[in-house]
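**Q** Okay, structure incoming, though there's no sequence with it:
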């Protein structure tokens, strides 16, 4: 049985990005398209690509692929990164999961069919325990409800650590995870009245693993049950496109956990991966290698030391 580093289960989408040369128009308005690019979408797929670029072996599973030119291109792209796509199913008469994104200098506007995907009949594969047996780590998205929960159940039964994102603190995908990463967007939607530090404690008290709150450009909050929370300020970068930042951060956390690094080093590394993705285009498809990430961290540490020395002198 061939072992793999990561089994990733979740959303897999094709994305078409239109860069506008002027602001996104108001209703009945007009905007000029400067460039159009084929991209990838979906948390599982984007994390899988970043993990593969970091040098890890990845198997991907999740929703069906559309029997369309866009679906064919998506599968070709997935395989071009060396990702194991043997479970991915091309479905006849299915358009696939797709999004169209319009981006100007200040905003991203997304049109897609994610609600149709998640609110009608099942359009994703049932997870196979045999796939998790081969993995050192599992990456699971919560949107597929019972099937996503089953991935977590299998992982616990097999003793394979898993990392999840954006799930309530009272669900197993949060409590049993080796790490759970909660975005500001999810917190604002799920817990709009909650105070940040109090909500962090709610997660921390129930978690067996690392809890991470991302807060955009503000400091990342992280910690484990019974321990004080810690903070890490994201690296300052010139953001070109923030698409896939959270998925890239999760990939960095998974990489750190697999290396058995400290939480501090893992968060630092994940922040560097996400920062580098945001500072390049197309970010996820051009995500950094491990060597590039380490060089980025070393350069920023050297720059920080030089600033400190100038301030002291």
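**A** Cool, got the structure. These numbers were taken from a predicted model, which means no experiment stands behind them.

**Q** in what helix or strand does residue 231 lie?
**A** If you go by DSSP states H and E, residue 231 is part of strand 230-232.

**Q** in the stretch 51-200 of the chain, which spans are helices?
**A** 69-80, 114-119, 129-133, 146-158, 172-175, 184-190, 196-206 (DSSP state H, counting those that start in this stretch).

**Q** could you dump the ones you listed to CSV with mean neighbour count?
**A** Where C-beta positions appear, they are placed from N, C-alpha and C, glycine not excepted. CSV is the format used below for the helices of the stretch 51-200 of the chain (neighbours: other CB atoms under 10 Å):
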stretch, mean neighbour count
helix 69-80, 16
helix 114-119, 14
helix 129-133, 16
helix 146-158, 19
helix 172-175, 20
helix 184-190, 14
helix 196-206, 16
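
**Q** Turn the ones you listed into a markdown table, including distance to residue 10.
**A** Shown next, in a markdown table, are those (distance: least, CB to CB, whole Å):
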| stretch | distance to residue 10 |
| --- | --- |
| helix 69-80 | 13 |
| helix 114-119 | 12 |
| helix 129-133 | 13 |
| helix 146-158 | 7 |
| helix 172-175 | 11 |
| helix 184-190 | 14 |
| helix 196-206 | 20 |
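
**Q** ok so, going back, list the contacts of the following helix or strand past the strand holding residue 231.
**A** Counting by DSSP H and E, the next helix or strand C-terminal to strand 230-232 is helix 245-258. The contact list for helix 245-258 (CB atoms under 8 Å, 6 or more residues apart in numbering) reads 5-6, 43, 46-47, 50-51, 54, 56, 136-137, 139, 161, 163, 165, 178-179, 181, 183, 210, 212, 214, 265-267, 269-274, 276-278, 283-284, 287, 290, 293.

**Q** Same question for stretch 198-209.
**A** Here stretch 198-209 has contacts from 161, 169-170, 174-180, 182, 187, 191, 194, 211, 213, 221, 223-225, 229, using CB under 8 Å, 6+ apart.

**Q** Excluding chain neighbours, give the residue nearest to the residue nearest the centre of the chain in space.
**A** Centroid check for the chain by CA atoms, centre = their mean gives residue 247 as the closest residue, at 1.5 Å. Distances taken as CB to CB, 6 or more residues apart in numbering put residue 46 closest to residue 247, at 3.6 Å, once the chain neighbours are dropped.

**Q** which strands and helices sit next to the host helix or strand of the one you found?
**A** Residue 46 belongs to helix 43-53 when assigned by DSSP H and E. With contacts taken as 3 or more CB pairs under 8 Å, 6 or more residues apart in numbering; DSSP states H and E, helix 43-53 sits against strand 4-10, strand 58-62, helix 69-80, strand 135-140, helix 245-258.

**Q** what about 6 Å?
**A** strand 4-10, strand 58-62, helix 245-258 (3 or more CB pairs under 6 Å, 6 or more residues apart in numbering; DSSP states H and E).

**Q** Could you check the angle that helix makes with helix 69-80?
**A** For helix 43-53 against helix 69-80, the angle by axes from the mean of the first three to the mean of the last three CA atoms, to 10 degrees is 30 degrees.

**Q** List the buried residues for helix 43-53?
**A** Neighbour-count burial for helix 43-53, counted by 16 or more other CB atoms under 10 Å, picks out 43-53.

**Q** That helix: how far from the chain's middle?
**A** Its chain's C-alpha centre and that of helix 43-53 lie 7 Å apart, by CA atoms, centre = their mean, to the nearest Å.

**Q** before we move on, what about stretch 125-137?
**A** 19 Å.

**Q** Then stretch 115-123?
**A** That offset, for stretch 115-123, works out to 21 Å (CA atoms, centre = their mean).

**Q** Would you mind measuring from residue 83 to residue 112?
**A** Plainly put, residue 83 is 22 Å away from residue 112 if you go by CB to CB, to the nearest Å.

**Q** cool, and residue 2?
**A** 35 Å.

**Q** which of those two has more neighbours?
**A** Higher neighbour count among residue 2 and residue 112: residue 112, with 16 against 7, using other CB atoms under 10 Å.

**Q** is that one in a bridge, and if so with what?
**A** Listed beta-bridge partners, residue 112: residue 99 (assigned using DSSP bridges).

**Q** my guess is it meets residue 97, correct?
**A** No. The criterion here is CB atoms under 6 Å, and residue 112 misses it with residue 97 at 7.5 Å.

**Q** Buried ones among the contacts of helix 245-258?
**A** Here, 16+ other CB under 10 Å leaves 5-6, 43, 46-47, 50-51, 54, 56, 136-137, 139, 161, 163, 165, 178-179, 181, 183, 210, 212, 214, 266-267, 269-274, 276-278, 283-284, 287, 293 buried among the contacts of helix 245-258.

**Q** Closest one of the buried residues of helix 43-53 to residue 119?
**A** residue 43 (17.9 Å; CB to CB).
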